[in-house]
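# Based on what follows, work out the 3D shape:
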Amino acid sequence: MPSTTQNANDISSEFYASGDINWSPTFSSRITASDNDYTEVDLDFGDQSEWLEIEYNNFTEIVSTDQIDSVTAKIEGSQLGVQHQSSPQVRFSDDNGSSWCSGHTFTNFQGSTDVTKSITCSHHSWTYSSVDDLRVQYRTGVVDEDSITYRIDFSQTTVVYSEIAPNVPTNLAETFNFDNNTIDVSWTASTGNPVVNYTVDYNGTTTTVSGTSVTLTNLDYNTQYVIKVRANGVDNSSAYTSTVTSDYTRTAPLEDINFTYAPLRETGFCLKWENITGGVSNWKLVYYDGSTTAPPTVTPASDEFNYKWTGLTKNKRHLFKLVARNGDNLYDEGGAKVIG
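Here you go, the predicted model:
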């Protein structure tokens, strides 16, 4: 998802640390974007107490709902005394220098011709509130030589930021539906920053939904489903929830059970089938007459392979479905008969 960048609107001030630094700004103590003015500074090689430090302010677009993804410092300049070929180092700090992030090194400024160098830091724990106190230090490399003069024409700091992700959803739950072979997944809506949608992951397969529930279909037999959910915001996503597990231990659908019927005089039917597959603890018969109410069911014993269903209305369409129950109380559809 996209991030947004913003440059500092102005450089508020320059500093230098304790030490014998020859600080000779040529234009009102400002490093500007113009090649016509430069700041000249002498730094001693090997003396890490001497540096050029710049403070940047007015990152006006960044607000409390944003996270700082990276900070880039760019400097344009040259050096006098080309025989030294210095290796300037850069350090970043927020909160007015209370938390420095070091270890970033520029390549050499090798002569009097202006060059531009950029360093990006993306592993420091920046916060939006400390961006207005952002400072950048430029130091020389550790070389045991005399001091060298830098002419800094241009320095710029850019912040890349994005909206903080919503909080992790809560109360993730699942329910396996025995009769239609699906899993209902639900959770409590994420709080915090706005949610665009949710990603549901089940065994590495993902689906995206706008609400706080989803029904998983087309499940594989004899499979354990590990389910987790995350909230997706404008720019970033939350972490996933803890997982819930749904065991789909159905055997494959019954085949060739020879599900038949014969009419009965007392307005009903005798339904018959064969236990070809074995391993069935008992059977379940489902009847549906076309109404909107839930279909009634009966459960013959596991050693019975027929059932008389009576009390039906004449000249009406009737639907019967036979399913087999295994030891996990999950049903496998065996067949259906439309009887009229």
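
# What distance do you get for residue 176 to residue 258?
29 Å (CB to CB, to the nearest Å). Glycine gets a C-beta too; all of them are placed from N, C-alpha and C.

# who has more neighbours, those two?
residue 176 (19 against 11; other CB atoms under 10 Å).

# Touching, that one and residue 227? I think so.
No. With contact defined as CB atoms under 8 Å, residue 176 and residue 227 do not form a contacting pair (11.1 Å).

# Give me the common contacts of those two.
183, 246 (CB atoms under 8 Å, 6 or more residues apart in numbering).

# Where does pLDDT dip in the stretch 101-250 of the chain?
Within the stretch 101-250 of the chain, the segments meeting pLDDT under 70 span 107-108, 110, 140-148, 178-179, 221, 248-250.

# What segments of it are helices?
Applying DSSP state H, counting those that start in this stretch to the stretch 101-250 of the chain gives no helices.

# show me where it has strands.
115-121, 134-139, 148-163, 170-177, 182-188, 197-202, 205-209, 213-216, 223-232, 244-248 (DSSP state E, counting those that start in this stretch).

# Kindly reformat the ones you listed as a markdown table containing distance to residue 322.
What follows is the strands of the stretch 101-250 of the chain, written out as a markdown table (distance: least, CB to CB, whole Å):
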| stretch | distance to residue 322 |
| --- | --- |
| strand 115-121 | 66 |
| strand 134-139 | 72 |
| strand 148-163 | 54 |
| strand 170-177 | 18 |
| strand 182-188 | 20 |
| strand 197-202 | 30 |
| strand 205-209 | 31 |
| strand 213-216 | 24 |
| strand 223-232 | 24 |
| strand 244-248 | 21 |
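
# Can you tell me which of these is most buried?
strand 134-139 (a mean of 23; mean count of other CB atoms under 10 Å).

# Parallel or antiparallel, list what pairs with that strand.
Paired strands of strand 134-139, with direction, are strand 52-57 (antiparallel), strand 89-94 (antiparallel) (DSSP bridges).

# Give me the residues contacting stretch 209-225.
With CB under 8 Å, 6+ apart, stretch 209-225 has contacts from 169, 174, 181-189, 197-198, 200, 202-203, 207, 227, 245-252.

# mind giving me the domain split of this structure?
Per the record, the chain has its domains at 4-163, 170-248, 260-339, by automatic domain parsing.

# Now do the contacts for residue 270.
261-264, 306-308.

# any idea which helix or strand carries it?
Residue 270 is part of strand 268-272, with elements assigned from DSSP states H and E.

# by contact count, what packs against the following helix or strand past that strand?
Using DSSP H and E, the next helix or strand after strand 268-272 towards the C-terminus is strand 282-288. Counting contacts by 3 or more CB pairs under 8 Å, 6 or more residues apart in numbering; DSSP states H and E, strand 282-288 packs against strand 297-298, strand 306-309, strand 318-325.

# so residue 240 sits right up against residue 231, yeah?
No. With contact defined as CB under 8 Å, residue 240 does not count as touching residue 231 (9.6 Å).

# Quick check: neighbours shared by the two?
Joint contacts of residue 240 and residue 231 (CB under 8 Å, 6+ apart) are residue 168.
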